[in-house]
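# need a 3D model of the following:
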Amino acid sequence: MAGPMDDGALPVTETTSLLSSNQLVTEQELKQVKRRIVLFIFTLFFMLELAAGLLAPGYTAALEQRLCHDAYPGSISFNGADQDCKSPLVQGKLATLSGWQYTMACIPSLLVTVPYGMLSDRWGRSRILTLAFVGMVLGTVFQLSVRKLSNFL
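Next comes the predicted model:
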């Protein structure tokens, strides 16, 4: 006797979407939804990384101008052609600060990799991926706020 479950559909349970027009959700439909969610999350990560990459040259130029102003007060031009900003003193400080910035950006990853892995085993990958994305967004907001407030310090 062939029943309603013979066509590969999943039974309707408490976890089944309420907005579904069908009473049964097929494995194929479930895979398509999962693919869309994964694609959406990877797109968000890509956009965040792209934005960070586009901000980096401007931030480096602004930091260079600030260091140049501190090293040579009163002799700064904002047209980008100031040769004092290319001096070893300014470029050395810029390289040091950039190195420390990249080092400090790696420390959170080193500290949370193992705990996130253990939480992923317990809670599931999607929740931890969401938590990681929220952490990246908060980190970017924190960096931008520190850069904005650095004029007041």
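
# ranges for the helices of this structure?
27-71, 88-123, 125-149 (DSSP state H).

# could you list the low-pLDDT ranges of this protein?
For the chain, the stretches flagged by pLDDT under 70 are 1-10, 14, 16-25, 75-82, 147, 149-153.

# what's the separation between residue 49 and residue 92?
Distance, residue 49 to residue 92, by CB to CB, to the nearest Å: 29 Å. All C-beta atoms are positioned from the backbone trio N, CA, C, and that covers glycine.

# now residue 44
Residue 44 sits 37 Å away from residue 92, taking CB to CB as the criterion.

# check contacts around the residue nearest to the spatial centre of the chain.
Residue closest to the mean C-alpha point of the chain, counted by CA atoms, centre = their mean, is residue 136 at 4.0 Å. Neighbour list for residue 136: 45, 48 [criterion: CB atoms under 8 Å, 6 or more residues apart in numbering].

# any idea how far it is from residue 67?
For residue 136, the distance to residue 67 - CB to CB - is 28 Å.

# residue 145 now?
Here residue 145 is placed at a distance of 21 Å from residue 67 (CB to CB).

# compare the two (neighbour count), which wins?
residue 67 (20 against 10; other CB atoms under 10 Å).

# I appreciate the help and will end here.
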